[in-house]
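Participant: fold the stuff below for me.
(one chain, ligands or ions: 2)
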Amino acid sequence: MTDTATNEQLAVATPQKNQLDERGLLRYGKMLIDGQWVDAVSGQTFAAIYPGTGATIANVASGDSADVALAAQAARRAFDSGPWPKMNGSERAKLLWKVADLMEQNIEELAELETLNNGKPLLESLRVDLPQSIACFRYFAGWSGKVMGQTIEPEARANALCYTLREPVGVCGQIIPWNFPIQMAAWKIAPALACGNTVVIKPAEQTSLSILRLGELMMEAGLPNGVVNIITGFGATAGAALVEHPEVDKIAFTGSVEVGKAIMRSAANTLKKVTLELGGKSPNIVFADSNLELAAKYALSGIFFNQGQMCTAGSRIMIERSARDQFMEVLTARAKKMTVGDPLNMKTRMGSLISQEQMERVLGYIEKGKQAGAALVAGGERVGSQGYFVQPTVFDEVQHEMEIAQEEIFGPVASVITFEDVNDALRIANGTRFGLAAGIWTNDIKKALTFAKNVHAGTVWVNTYNMTDNALPFGGYKESGIGRELGPAALEMYTHSKTVWVELG
Ligand code: NAI
Ligand code: MG
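Facilitator: Residues are numbered from 1 along each chain as shown. Ligands and ions are numbered 1, 2, ... in the order given. The predicted structure is shown next:
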């Protein structure tokens, strides 16, 4: 259903902060280029949807290569000759703090926009996504002006003073997904600006709205024109044009492996710096000697948080054979109690998937799991006929080779795999093309640390799951990506090192 919502449906949606006009539409629609809010050169727009009902809630400019070119040129000018390059780090820090303060002052409005456009529970938008995004701006504000080079003694010559400078990369093209829209924008914009870069960001076509509002707040904070530009539009047009544009010095991408690979191929033509944060099929490994109750609780939140639409989703729950029956009893009982509900109701803990397309993808994998002979022990069905709600689903008796144990489903589907011992666990854990994250539950310190050392993953959690922090590097091994975001590692991704040799002899 893609009709404009009726007033009755919107009464269900109860937007408080975001007023809808008489057609039931939000005011967002223009893109931000060089400090101005503009329509697409082509005049085309596309619908922004509320996944909870499938209703259109805004019409957004459909940017393409013409708009990307204007934005890239604006970002280039802002980087080369605007007030931005003259500003020192402490001044940029103040601006980033101001952005965070304005986000905080408008937190309810932003959270509501996030839920209206994404379908995730309002409670989570308000208590998780927004606070973490605000903290991200503050964390990187703290780094601004503190990204330092080194003085290095040359190995073969005494009479020289040699040092390195860390300089911004330039114009950063940033392409982000729809699962955590504003948070992904913060992860990318904040470190880029802290290091003195300028930005052209393209939100996912499903979720432009909170990022457009963020753009307004950034302008209100006093960011110079052209420092952050927002191009709304589709991947094949706006996204691809951004990757191809010669004035763009770097691409930072979060999304599917398939598109990540296409971006890397395309970026080879201009040798842009590329960082990629891609998918995962992360194992969450439970040993018999762990706290099984706690492990089951975290295993469920590890896969069902954000409706399972997470790159770090603990989508392979692995249980040691000797504890299997006991663990599965707790896990299934708890999973069956979880329900989906109206995303805008503050009591709801699981909302809607992002789109019809994603729901069909997920239901398709559930079908594949059944056909492959896995045992469906919870969920497995769509809920209702409006919106894109899918039951929290658990498959037991999953074999390592099955598609549901190898492919990223990106929905509320857990695959439970039984393992025999430590070596078996490690073999299964490392036996996919991904390497984003891994969890291990055990009270044996030696087992935990040996596993942490040997598992192929960018993040390892011991006796917890899904913890990320703005100060800690995040990224993947193998096909889960290239480069690291967050923490000091992000600063390296957004700067060049320049070596200066001063001859003293
Ligand atoms: P996608 O990779 O197509 O979309 C992510 C972003 O890339 C969006 O902004 C999109 O417009 C852009 N994009 C798409 N094609 C592009 C191209 N040729 N050039 C430049 N940019 C392009 O992901 P999609 O189709 O939304 O989801 C498909 C699957 O991808 C999901 O089921 C999930 O498995 C995975 N995914 C992983 C994410 C993660 O956090 N690692 C986030 C989103 C999706
Ligand atoms: Mg796609």
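Participant: near ligand 1, anything from stretch 274-284?
Facilitator: Yes: against ligand 1, stretch 274-284 shows contacts by Cβ under 6 Å from any ligand atom at Glu277, Leu278, Gly279. In short, each C-beta sits where N, CA and C put it, glycine included.
Participant: quick one: mean pLDDT over that stretch.
Facilitator: Mean pLDDT, stretch 274-284: 98.
Participant: tell me the buried residues in it?
Facilitator: Buried residues in stretch 274-284, counting neighbours by 16 or more other Cβ atoms under 10 Å, are found at Val274, Thr275, Leu276, Glu277, Leu278, Gly279, Gly280, Lys281, Ser282, Pro283, Asn284.
Participant: got it, and stretch 494-502?
Facilitator: Quick answer for stretch 494-502 (16+ other Cβ under 10 Å): Tyr494, Thr495, His496.
Participant: give me the subset of the residues you listed lying in strands.
Facilitator: Assigned to strands by DSSP state E, the following of these qualify: Thr495, His496.
Participant: just curious, which of the buried residues of stretch 494-502 is nearest to ligand 1?
Facilitator: Tyr494 (19.5 Å; Cβ to the nearest ligand atom).
Participant: so where's the stretch 1-150 of the chain uncertain?
Facilitator: In the predicted model of the stretch 1-150 of the chain, residues 1-14 satisfy pLDDT under 70.
Participant: residue boundaries of the helices in it?
Facilitator: Using DSSP state H, counting those that start in this stretch, the helices of the stretch 1-150 of the chain run over 7-13, 65-80, 89-105, 107-118, 122-124, 130-143.
Participant: can I get the buried residues of stretch 494-502 in CSV with pLDDT and distance to ligand 1?
Facilitator: Shown next, in CSV, are those (pLDDT from 0 to 100; distance: Cβ to the nearest ligand atom, whole Å):
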residue, pLDDT, distance to ligand 1
Tyr494, 98, 19
Thr495, 98, 24
His496, 97, 24
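Participant: and the stretch 51-200 of the chain, which residues reach ligand 1?
Facilitator: So far as Cβ under 6 Å from any ligand atom goes, the stretch 51-200 of the chain lies against ligand 1 at Ile175, Ile176, Pro177, Asn179.
Participant: hmm, back to that, of the buried residues of stretch 274-284, just say which sits nearest to Lys370.
Facilitator: Relative to Lys370, the closest of the buried residues of stretch 274-284 is Lys281; by Cβ to Cβ it sits at 19.0 Å.
Participant: before we move on, back to that, now, which of the residues of the stretch 51-200 of the chain next to ligand 1 lie within helices?
Facilitator: Applying DSSP state H to those, no entry is found in helices.
Participant: which of those residues lies closest to Ile482?
Facilitator: Ile175 (14.2 Å).
Participant: can you pull the residues of the stretch 201-350 of the chain lying near ligand 1?
Facilitator: 202, 204-205, 234-236, 239-240, 243, 254-256, 259, 262-263, 277-279, 311.
Participant: list the contacts of the residue in the stretch 351-500 of the chain positioned nearest to ligand 1.
Facilitator: Using Cβ to the nearest ligand atom, the closest approach of the stretch 351-500 of the chain to ligand 1 is made by Phe410 at 3.5 Å. Residues in contact with Phe410 (Cβ atoms under 8 Å, 6 or more residues apart in numbering) are Asn179, Gly279, Gly308, Gln309, Met310, Ala313, Gln358, Arg361, Val362.
Participant: my guess is the fourth one contacts Gln358. True?
Facilitator: Yes: proximity of Gln309 to Gln358 meets the contact threshold set by Cβ atoms under 8 Å, at 7.3 Å.
Participant: shared neighbours of these two, anything?
Facilitator: With Cβ under 8 Å, 6+ apart, Gln309 and Gln358 have common neighbours Phe410, Gly411.
Participant: surely Ile417 is within a strand?
Facilitator: Yes: per DSSP: H, G, I helix; E, B strand; the rest coil, Ile417 lies within a strand segment.
Participant: and it, how many neighbours?
Facilitator: When counting by other Cβ atoms under 10 Å, one arrives at 23 neighbours for Ile417.
Participant: report the central residue of this structure.
Facilitator: The residue lying closest to the centre of the chain (Cα atoms, centre = their mean) is Met184, at 4.4 Å.
Participant: what does stretch 418-428 contact?
Facilitator: So stretch 418-428 is contacted by 283, 285, 287, 316, 318-321, 324, 397, 400, 417, 447, 450-451, 454-455 (Cβ under 8 Å, 6+ apart).
Participant: give me the distance from that stretch to the chain's centre.
Facilitator: Centre-to-centre, stretch 418-428 and its host chain are 30 Å apart (Cα atoms, centre = their mean, to the nearest Å).
Participant: got the CA coordinates for it in CSV?
Facilitator: The C-alpha coordinates for stretch 418-428 follow below in CSV (Å, rounded to 0.1, in the frame of the first residue of the first chain):
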residue,chain,number,x,y,z
THR,A,418,24.6,-26.7,17.8
PHE,A,419,28.4,-27.3,18.2
GLU,A,420,30.5,-29.9,19.9
ASP,A,421,33.6,-28.2,21.4
VAL,A,422,35.8,-25.1,21.2
ASN,A,423,37.5,-26.1,17.9
ASP,A,424,34.1,-26.9,16.3
ALA,A,425,32.8,-23.5,17.5
LEU,A,426,35.7,-21.7,16.0
ARG,A,427,35.5,-23.6,12.7
ILE,A,428,31.8,-22.7,12.3
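Participant: return the residues in contact with Gly82.
Facilitator: Pro224, Asn225, Gly226, Val227.
Participant: any chance of the residues you listed in CSV, plus neighbour count and pLDDT?
Facilitator: Conversion of the contacts of Gly82 to CSV gives the following (neighbours: other Cβ atoms under 10 Å; pLDDT from 0 to 100):
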residue, neighbour count, pLDDT
Pro224, 18, 98
Asn225, 18, 98
Gly226, 27, 98
Val227, 27, 98
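Participant: can you list these in TSV and add secondary structure?
Facilitator: Below are the contacts of Gly82 laid out as TSV (three-state DSSP):
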residue	secondary structure
Pro224	coil
Asn225	coil
Gly226	coil
Val227	coil
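Participant: closest one of these to Gln73?
Facilitator: Among the contacts of Gly82, Gly226 lies closest to Gln73 (Cβ to Cβ), at 8.6 Å.
Participant: in the stretch 301-450 of the chain, which spans are helices?
Facilitator: Counting by DSSP H, counting those that start in this stretch, the helices of the stretch 301-450 of the chain are 324-337, 356-372, 403-406, 422-429, 445-454.
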